[in-house]
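A.B. asks: Build me a structure from this.
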Amino acid sequence: MPGLLRGVARTAVVAGTATAVSNRVSRRQAGRWAQQDAQQAGYYAEPAAPAPPPPAPAAAATMEEKLDQLKELATLKDQGVLTEEEFAAQKARILGG
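C.D. replies: Okay, the predicted model is just below:
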């Protein structure tokens, strides 16, 4: 049973991390494509207006999600599902993103 829980926990952590990374890569790629489209359309004379900052609730939700993930990781580490090294690696991924 502990092996099953460890597998499920790791899958959940990996899936959450993969989703966050995938979303970030998608946003970055969309920005690059938008730049390329603007350059190809001949918008060299006028620089594009800077994008407005994201709304504050979205930023707070992102921080809340990170905190929730960290709490889950700490719980898994305390239960012995994750080793100290696994915990540190996942923590670095969450905070580095």
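
A.B. asks: Which strand or helix spans Leu82?
C.D. replies: Using DSSP states H and E, Leu82 sits within no helix or strand.

A.B. asks: which residues does the nearest residue to it once chain neighbours are set aside contact?
C.D. replies: Counting by CB to CB, 6 or more residues apart in numbering, Leu76 is the residue found nearest to Leu82 once chain neighbours are left out, at 4.7 Å. All C-beta spots, glycine's among them, are computed from the backbone N, C-alpha and C. With contact taken as CB atoms under 8 Å, 6 or more residues apart in numbering, Leu76 is in contact with Ala9, Val13, Leu82, Phe87.

A.B. asks: same question, Glu84
C.D. replies: Lys77.

A.B. asks: Which pLDDT value belongs to it?
C.D. replies: On the pLDDT scale, Glu84 is placed at 92.

A.B. asks: buried sites along the particular helix or strand that has Asp68 in it?
C.D. replies: Counting by DSSP H and E, the element that carries Asp68 is helix 56-78. By neighbour count with 16 or more other CB atoms under 10 Å, helix 56-78 contains the buried residues Gln69, Glu72, Leu73, Leu76, Lys77.
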